[in-house]
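Novice: Could you work out the structure for the sequence below:
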Amino acid sequence: MSLRGLFVTATIVFLAGFGGVWAGTHVFDAPRPGMHEVLHERLQLTPEQNAQLDSLEREFDVARVSLEAEMRAANAELAAAIREEHTFGPRVTTAVGRFHDAMGRLQTETIRHMFAMREVLNSEQQIIFDDVVVSALTPSGNE
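Specialist: Numbers count the residues shown, from 1 in each chain. As a prediction, this is how the structure comes out:
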């Protein structure tokens, strides 16, 4: 198979996978309440809790935006490496590693942020919050 054929096949496989994930999350997956909805509509937050959560959210947004920009840059680096190397070479490997590193740091920051938000809540609110987090992290919405 030629390099061009390999690239076309890889692109089709990637797009099919992306389409499957999109369909699974947008068509077949039942909608779940988002964290923002739970926090502001179901938990009956006090004004002090709202202020604390708003502050945490602003802090997290700075880290999230930076890491998402790093992931986009790694994807651009990956695209250039694929265009030039035409194989799973050192530049492709480096770009994939860079993307995975940024994605892992984003996940870690997100989990830290989630626990920081949880600390603002009272024990009854924490029970609801924990249920929403567990539901969001499990495919069936159950433990």
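
Novice: okay, and for the chain, where does confidence drop off?
Specialist: Counting by pLDDT under 70, the chain shows low-confidence ranges at 1-36, 140-143.

Novice: check contacts around residue 63.
Specialist: Taking CB atoms under 8 Å, 6 or more residues apart in numbering, we find residue 63 in contact with 106, 109. Bear in mind the C-beta positions are built from the backbone N, C-alpha and C, glycine included.

Novice: Could you check how far it is from residue 70?
Specialist: Residue 63 is 11 Å from residue 70, where distance means CB to CB, to the nearest Å.

Novice: Same question for residue 48.
Specialist: Going from residue 48 to residue 70 by CB to CB gives 34 Å.

Novice: So the two - more neighbours on which side?
Specialist: When neighbours are counted by other CB atoms under 10 Å, residue 48 and residue 70 differ, and residue 70 comes out ahead with 17 against 9.

Novice: Please parse the chain into its domains.
Specialist: Here the domain parsing of the chain from automatic domain parsing is 1-31, 33-137.

Novice: and among the ones you listed, the most buried is which?
Specialist: Between the domains of the chain, domain 33-137 has the highest mean count of neighbours, a mean of 14, where neighbours are mean count of other CB atoms under 10 Å.

Novice: Any idea how far stretch 110-129 is from the middle of the chain?
Specialist: The gap between where stretch 110-129 is centred and where its chain is centred comes out at 19 Å by CA atoms, centre = their mean, to the nearest Å.

Novice: Could you do stretch 96-109 as well?
Specialist: Stretch 96-109 has its average C-alpha position 10 Å from the chain's average C-alpha position, going by CA atoms, centre = their mean.
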